[in-house]
Structures are given as structure tokens and as C-alpha cells.
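J.: Show me how the following folds:
(one chain, ligands or ions: 2)
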Amino acid sequence: MATVLVIDDERGVREGLCRAIASAGHKTLPAGGLTEAREAIAREAPGCIVLDVRLKDGDGIAFLAELRAKLAPDVPVIMATAYGDSERTIAAMKGGAFDYVTKPFDLPALLATVERAVRQRELAKAVPQSPLAGAAPSPEGSLIGTSAAMLAVWKVIGRAASSDVPVLITGETGTGKELVARAIHAHSSRAREPFVAVNLSALPETLIEAELFGHEKGAFTGAVARRPGRVELAAGGTLLLDEIGDLDLTLQTRLLRVLQDGRYERVGGTEVLTSRARVIAATHKPVRPGQADARLREDLYYRLAVIEVELPPLRARRSDIPQLVAHALASSPAKAVSEEAMALLQAYAWPGNVRELVHVVQRAAVMCGAEVIDVGDLAPALRAPQTTIEVGAPGDGPGEPYASMPLRDATALLEKRMIELALAKSGGNRAEAARTLGIARPQLYTKMDEHGIAGRKE
Ligand SMILES: Nc1ncnc2c1ncn2[C@@H]1O[C@H](COP(=O)(O)OP(=O)(O)OP(=O)(O)O)[C@@H](O)[C@H]1O
Ligand SMILES: [Mg+2]
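T.: Ligands and ions are numbered 1, 2, ... in the order given. Presented below is the predicted three-dimensional model:
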């Protein structure tokens with residue numbers, strides 16, 4: 001039960017709303033205008049506010065700003081706007097309204113919104129302060145992750161930063177390959193020199209050569225002046241050859257020569273230039289010799305992969321998800337995620353990896369317009385029970401986390417994943433999760449402890 005403040009200057013509307021909300025078991029406080037509303041807030045500290053946009057003694061949107069700024073910053077406010085008033089609706093949502101309902105009221109929908117708002121407020125009170133909340137936000141573009149898999153990555157970054165040899169970064173899309181390349185550069189002795197990235201898949205084949213090595217005036221139609229290539233621009237810094245798996249074979253040969261002795265010519269030129277840049281290459285395609293459909297010439301692969309960084313897919317390092325979520329929320333209106341929503345985020349397969357996670361969380365934060373992101377704010381794909389478990393065939397295709405593991409580790413990981421899924425599906429209810437898994441409840445508790453799975457207290 002909560003105390004709901006209903007602000008509307010039309011008596012009939014006000015009374016009707018109060019009756020409906022009271023019938024759902026809440027205490028109601030009617031207010032006919034803003035002065036009355038201010039008094040009621042000071043007296044009763046409501047847990048939810050329903051606010052009309054057009055009032056006789058003031059403007060609801062302006063009052064919303066006052067509520068958010070000082071009168072009741074933590075109280076969810078549901079705005080009531082006239083149907084079709086889209087400008088005001090947008091203004092209300094931008095102003096931090098929890099939700100809006102349109103007049104004439106659809107009472108069941110309004111009551112459902114009130115319930116959500118009340119629950120949201122309880123969640124906001126119950127969510128423990130994240131251990132990260134007080135900490136300084138990680139700087140833009142910094143890498144996050146403390147899982148065993150990421151610790152291994154930190155080590156290789158450190159090693160790569162202290163040397164000058166080429167580095168090959170592999171990993172599925174969205175796993176942070178570009179961030180890793182930047183981190184290596186930033187920690188290397190070349191940090192003050194340029195970092196130049198060239199996306200080899202985004203350029204038409206015919207332009208890649210000119211883009212990489214530059215061209216002389218008149219080298220081809222349209223080459224009206226000499227232009228330096230990315231290799232030249234990188235000077236004594238770092239050159240990131242992104243999406244190297246998409247480079248065609250002729251250009252791979254050309255690149256190999258440059259990597260061997262650093263020498264190259266601009267397109268249409270005869271002057272021999274020498275590159276001092278440190279080369280880092282990245283790709284999400286298979287490139288290792290012997291891998292099915294490998295995209296790189298074997299000799300080029302060995303030239304590039306003097307140090308190889310293989311970024312784990314997000315589903316193989318789920319313990320990093322809460323930290324990544326906190327990072328994604330650092331500059332957003334929502335500040336936390338409910339336990340149930342977090343369980344779903346941790347159970348999802350994340351084919352788009354960190355990029356997808358950041359996108360999903362930031363979108364939910366914008367759409368929910370409240371302090372705490374709840375299950376209902378997540379896209380349907382995440383909410384759908386995930387009943388299939390991706391195990392894959394033996395081999396080491398990209399993103400197959402089990403195949404390259406000892407059987408014991410793979411079994412443990414599978415067990416952990418199934419428990420997480422069952423808990424997510426049951427909304428955190430352990431008795432139900434134990435039933436789904438076909439084990440006794442005490443056994444589930446033991447296994448949750450073993451795997452470090454936090455669960456909702458019952
Ligand atoms: N470990 C991480 N910590 C924080 N943010 C990350 C991390 N990994 C990835 N990101 C974020 O995810 C997004 C995608 O990262 P990035 O562009 O480096 O991926 P990628 O591996 O190069 O993907 P693609 O193969 O699609 O180019 C970026 O916004 C990046 O900031
Ligand atoms: Mg990339």
C-alpha cells in the first residue's frame with residue numbers, strides 16, 4: 001500500500017481517480033491545485049503522484065520540474081495529458097515523469113501504471129548501494145572487467161604495451177577490440193604519438209591502397225593533390241588495421257612486404273618511404289591457419305600475431321555484467337537495475353557482446369524514466385525465457401566457450417548457466433527454480449554458493 005497524491009483541478013476527475021486508486025488498496029490524497037499539493041507533500045510524503053498537465057493555478061510540467069528538483073525528487077510522477085498532446089507528453093517524459101496517461105482515462109491501465117510506479121519506488125529503496133556507486137566513474141573509453149577471462153586480457157595488454165611488436169586482436173563483434181588497441185597504445189611509449197585507425201572493411205577495394213599508403217598528384221582520376229596515407233599519418237605512433245580479415249589477398253601481400261621492412265611507396269609514386277608505426281590488427285573473422293575459412297595468408301598471420309589477444313565473448317565472462325551495467329548507467333537518468341532485471345541481463349546470450357549490452361541498458365534507462373530499470377523496461381527478446389543452451393560442436397569456432405575447456409570446467413560452467421537461467425525464468429524464486437532443474441532446494445542453495453550466484457532472499 002502506498003499514499004498516492006492526485007492533483008487535478010476538475011473535481012469529478014479528481015474524485016473518480018481517487019476512488020479507483022483507493023479500490024486498489026492505496027491511500028489517496030486529493031489536491032485541487034498546486035498550493036494544496038505542496039501542503040500535502042510537506043504533510044504526508046506521498047509514494048506516488050498523479051499530476052494533471054493543465055491546471056488552473058499553474059503548469060503541470062513546470063511543477064514536475066519543481067518536484068524533481070526539490071519537493072519530491074524520488075517520488076515517481078505520473079502525468080495526465082490530454083489525448084494527442086504529443087509536445088507536452090515529450091516534455092513530461094524529458095522532465096523525468098515516470099510515465100504519462102492520456103485523458104479520458106483508461107482506468108485499468110492507469111491503475112497498472114500506479115502499481116508499477118509504487119513498485120519502482122520500493123525497488124529504489126531496496127536496491128543496495130552498488131559497490132561502484134561511490135567510486136569515481138571509469139574514464140570514457142576505459143576497459144571494464146575483473147573476471148578471470150579479462151584479467152588474462154589485462155596481462156597481455158601490459159605485455160604488448162611494453163614492447164613494439166605487431167599485435168593481433170581477435171574476438172566477436174562488440175567485445176572491445178578497438179578499446180584494447182587504444183589501451184595498448186595509451187600504455188606504450190608511443191602514447192604521445194598519433195593513434196590512427198583504418199577500417200579496412202568500410203573502404204572499397206580500389207581505395208584501400210591509396211588510403212593506407214597515400215597517393216601522388218595525378219596518380220588516378222580525382223587525385224588532384226598529393227595525399228599522405230594512414231601509414232604516413234601514424235608516424236611514430238600506432239596504426240590500427242581494423243577488420244583485417246576483410247582485406248583481399250593482393251593487398252595482404254602488399255601489406256606483408258611493408259611489415260617485413262617498413263618500406264612502401266605512395267600510389268603513383270617512386271619515392272620509397274619508411275614506416276615507423278607500430279601495427280595492431282583486429283578482426284572478428286577466423287584468421288588462424290587451420291581454422292575453417294581462415295581469412296589471412298599464413299605468413300601474414302604469423303607476422304601480425306607476434307602477440308595475440310583473444311577477447312572472450314561476454315557470455316563467457318558473465319560476472320563482469322554488473323560492472324558493465326553500472327558503467328553504462330554512469331551518465332544516465334536511471335541509477336540502478338532491479339535484481340530480477342539483472343538476472344535477465346546475466347542470463348542473456350549477448351550475441352552483440354558489450355556493444356549490445358551498453359545499448360540495451362542505455363535504451364532501457366531512457367525509456368523507463370525512473371531510478372531503477374525493471375524487467376518490464378527490457379526488450380522482449382531479453383524477457384523471453386531462454387530455454388536453449390548454446391553448447392556447439394567440438395572445435396574452436398569463434399564464440400564457442402565450452403569446446404576449448406577441460407571437461408570439468410565446461411560442466412561447471414554449464415551447470416552455473418542452467419541455474420542462472422532457471423532463476424531468471426522464475427523471477428528469482430528458488431523453490432520454482434529448483435523444481436525446473438529437478439533438484440532439491442537445499443541442493444540448489446549449495447550449488448548457488450559454489451558458483452557465487454546471488455539470489456533473492458525469500
Ligand atoms: N571491456 C569493456 N569495458 C567497457 N566498455 C567496453 C568493453 N568492451 C567493449 N566496450 C564498449 O563496447 C563497444 C564496442 O567496442 P569496440 O568497438 O571496441 O568493439 P569491437 O570488438 O571493435 O567490435 P567490432 O568487431 O564490431 O568492430 C564500445 O562502445 C566500447 O566502448
Ligand atoms: Mg571494431
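
J.: helices and strands around the helix or strand Leu324 falls within, which ones?
T.: The secondary structure element spanning Leu324 is helix 321-329 (assigned by DSSP states H and E). The elements that helix 321-329 packs onto, with contact taken as 3 or more CB pairs under 8 Å, 6 or more residues apart in numbering; DSSP states H and E, are strand 336-337, helix 339-347, helix 353-368. From N, CA and C alone the C-beta is placed, and that goes for glycine too.

J.: and the ones you listed, which is most packed in?
T.: For the helices and strands packed on helix 321-329, ranked by mean neighbour count under the definition mean count of other CB atoms under 10 Å, the leader is strand 336-337 at a mean of 26.

J.: Based on its surroundings, how many neighbours for the closest residue to ligand 2 within the chain?
T.: The nearest approach of the chain to ligand 2 comes at Glu178, 4.3 Å away (CB to the ion). By other CB atoms under 10 Å, the residues close to Glu178 number 16.

J.: OK, contacts around it?
T.: For Glu178, the contact set (CB atoms under 8 Å, 6 or more residues apart in numbering) comprises Ala197, Leu240, Asp242, Ala282.

J.: Next up, the contacts around the second one.
T.: So the one you mean is Leu240. Counting by CB under 8 Å, 6+ apart, Leu240 touches Glu178, Ala181, Phe195, Val196, Ala197, Val198, Ile280, Ala281, Ala282.

J.: Out of those residues, which comes closest to ligand 1?
T.: Sorting the contacts of Leu240 by distance to ligand 1 puts Glu178 at the head of the list, at 3.5 Å, by CB to the nearest ligand atom.

J.: In which helix or strand does the closest one reside?
T.: Under DSSP H and E, the secondary-structure element containing Glu178 is helix 177-187.

J.: ditto for Leu203
T.: Secondary structure assigned from DSSP H and E places Leu203 in neither a helix nor a strand.

J.: got the contact list for the nearest residue to it once chain neighbours are set aside?
T.: In space, not counting the residues next to it along the chain, Leu203 is nearest to Glu211; the distance is 5.7 Å by CB to CB, 6 or more residues apart in numbering. With contacts defined as CB under 8 Å, 6+ apart, Glu211 is in contact with Val198, Leu203, Gly229, Arg230.

J.: Widest-spaced pair of these?
T.: With distance counted by CB to CB, no two of the contacts of Glu211 lie farther apart than Leu203 and Gly229, which are 11.8 Å apart.

J.: Compare the two and say which is more crowded by neighbours.
T.: For the pair Leu203 and Gly229, the greater number of neighbours falls to Gly229 (23 against 17), based on other CB under 10 Å.

J.: residue in the stretch 151-300 of the chain nearest to ligand 1?
T.: Across the stretch 151-300 of the chain, the shortest distance to ligand 1 (CB to the nearest ligand atom) belongs to Gly176, at 2.6 Å.

J.: quick one: that residue and Leu311 touch, right?
T.: Yes. Under the criterion of CB atoms under 8 Å, Gly176 makes contact with Leu311 at 5.9 Å.

J.: So if I had to pick from these two, which one is more boxed in?
T.: Legend: neighbour count by other CB under 10 Å for Gly176 and Leu311, higher for Leu311 (27 against 22).

J.: Look at that one and report its pLDDT.
T.: Taken from the predicted model, the pLDDT recorded for Leu311 is 96.

J.: Tell me the strands beside the one helix or strand Ile49 maps to, with direction?
T.: Counting by DSSP H and E, the secondary-structure element that holds Ile49 is strand 48-52. Strand 48-52 pairs in its sheet with strand 3-7 (parallel), strand 77-82 (parallel), by DSSP bridges.
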